[in-house]
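>>> Provide a 3D model corresponding to the input given below.
(one chain, ligands or ions: 1)
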Amino acid sequence: MDIPQHIEAEIRSRAGNGGTLNCYIYDVSAMHKKIEQLKRIMPQGVEIFYAMKANPHPAFLATAYEASAEGIEIASLGEAERAIGAGFAASQLIYTGPGKSPEELRWSVKHGIRTIHIESLTEAYRLEHICAELDNTQDILLRINTNFAIHEAQTTFSGGSKKFGIDEEKLDAALPQMLALPHLNFRGLHVYAASGVLNVDDLIKNCELVFGMAQKIEAQYPDVACDIIDFGGGFGVDYLETGSDFDPVAYAEGLEALINNYGFADRTFFLELGRYLTADSGWFCTEILDIKESRGKKQVICAGGINHFRRPAALAINHPLSIIHMDRPKLFDGQESVRDESVYFGGPLCTGADKLANDVYVEQADIGDIAVFGYAGAYGLSMSNIEFLSHTRPDEVLVD
Ligand SMILES: Cc1ncc(COP(=O)(O)O)c(C=O)c1O
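Have a look, this model is predicted:
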């Protein structure tokens, strides 16, 4: 992986300051450009929401705001408060995710958020009671767990038994009940197939399926219109650097063709993007504190592990890695180093699960060098086991 010059300069300057280096470095300019590009190329009616779960750091929220994202996809009250703190209005928030608490639903209705995405019948009834109590109504989307799964994706959100949404085959029973709830305004569907999808055709196939489902529902229930269709997130990132980047232009063209085919030009389409917008805006940089040989393989121990960057272990993948050489003096003769070999990178935690990378080929690494993991802007610190072993929280450094 090539590290941009200004990122390397920042790492070198921080590593030269005497302390142990362990931080995230962010440059959010790529995120800004991506939102601008998506707003330019997407068909009319498409609205871009930032799925802030990917990175809730204020700089990412500020970028979404400055680049005029239509709003924020939230999954908790904490996220709502952060989004509002960044300047978004409550009416720009859309709320997804299973297990919304009564307090969270009440806050959402009181503050007038744009849509609540219903994940179960229980949630629909809970929201109905809260709206009745507050003498208010709420726009909702219904999240459906379709029978369609994108198997090449990093994580799937529909297909099979899932905690997300209502199973497609249960719609006939569930939808009439939901439509009868007087305080809920049914506005449309939410179908999020998968995360980390690189193949545009797979996502377009999901859009087509959802369009078909919307048509079917409208034919079955003449008073119902699916004005809003939410495709969730899912635009992938080429973590393995194979050259097969997600092609947003092909996606925009595919979606436009579908919209025309289905005569859906008057509808609104939500995209809730996290990873695609943020992954290449962040680098996790951690100092190599020890290297030892253990039964035929080098173990490289870094200052931060899954407490600060859990994603590689959680998803059993390697992120692209570069080593910044610091030429530190050796502590003793015979000190181990890495030369042209495949090694294990881990952190300082007392668990074998503390993996940053495994079987990763490294030309050269020495104690005191800095391991830099790329595409760490999405699902980095916020997805990590930050409290485990109470290590100092890594700095989050913003550069431009
Ligand atoms: C409901 C919902 N929307 C959007 C996203 C963002 O997905 P991605 O980062 O793949 O764009 C997620 C991720 O888990 C999600 O659960």
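
>>> show the backbone phi and psi for the nearest residue to residue 237 once chain neighbours are set aside.
Leaving aside its sequence neighbours, residue 237 sits nearest to residue 279 (C-beta to C-beta, 6 or more residues apart in numbering; 4.3 Å). The way it works is simple: take the backbone N, C-alpha and C, and place the C-beta from them, glycine included. Note on residue 279: backbone dihedrals following degrees, to the nearest 10 are phi -60, psi -50.

>>> show me the contacts for residue 279.
Residues near residue 279 by C-beta atoms under 8 Å, 6 or more residues apart in numbering: 54, 237, 239, 375-378.

>>> would you mind measuring from it to residue 204?
21 Å (C-beta to C-beta, to the nearest Å).

>>> residue 248 now?
For residue 248, the distance to residue 204 - C-beta to C-beta - is 12 Å.

>>> tell me where the stretch 301-400 of the chain has strands.
For the stretch 301-400 of the chain, applying DSSP state E, counting those that start in this stretch gives strands covering 321-324, 338-346, 355-365, 370-373, 395-398.

>>> which one, of those strands, ends up nearest to the ligand?
Taking C-beta to the nearest ligand atom, strand 370-373 is the member of these nearest to the ligand, at 17.6 Å.

>>> state the mean pLDDT of that closest one.
What strand 370-373 shows for mean pLDDT is 98.

>>> and it, C-alpha only, in PDB?
Output in PDB follows, covering the C-alpha atoms of strand 370-373 (Å, rounded to 0.1, in the frame of the first residue of the first chain):
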ATOM      1  CA  ILE A 370       5.400   2.100  12.500                       C
ATOM      2  CA  ALA A 371       2.800  -0.300  11.100                       C
ATOM      3  CA  VAL A 372       0.300   1.600   9.100                       C
ATOM      4  CA  PHE A 373      -3.000  -0.100   8.200                       C
END
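
>>> just checking, what packs against that strand?
helix 5-15, strand 282-294, strand 321-324, strand 355-365 (3 or more C-beta pairs under 8 Å, 6 or more residues apart in numbering; DSSP states H and E).

>>> and stretch 309-316, what's buried?
Using 16 or more other C-beta atoms under 10 Å as the test for burial, stretch 309-316 gives 309-314.

>>> which single one of those residues is nearest to the ligand?
residue 311 (11.5 Å).

>>> distance of that closest one from residue 282?
11 Å.

>>> same question for residue 375.
8 Å.

>>> quick one: the closest residue to residue 35 other than its chain neighbours from residue 61, how far?
In space, and not counting its chain neighbours, residue 35 is closest to residue 67: 3.7 Å by C-beta to C-beta, 6+ apart. For residue 67, the distance to residue 61 equals 11 Å [C-beta to C-beta].

>>> the strands in the stretch 101-250 of the chain, which residues?
With strands called from DSSP E, counting those that start in this stretch, the stretch 101-250 of the chain shows them at 115-118, 138-145, 155-156, 166-167, 184-190, 194-195, 228-230.

>>> packing partners of the fourth one?
When you say that, I think you mean strand 166-167. Other helices and strands packing on strand 166-167, by 3+ C-beta pairs under 8 Å, 6+ apart, are strand 138-145.

>>> what residues does the stretch 1-150 of the chain put near the ligand?
Along the stretch 1-150 of the chain, the residues adjacent to the ligand under the rule C-beta under 6 Å from any ligand atom are 51, 53-54, 73, 96-97.
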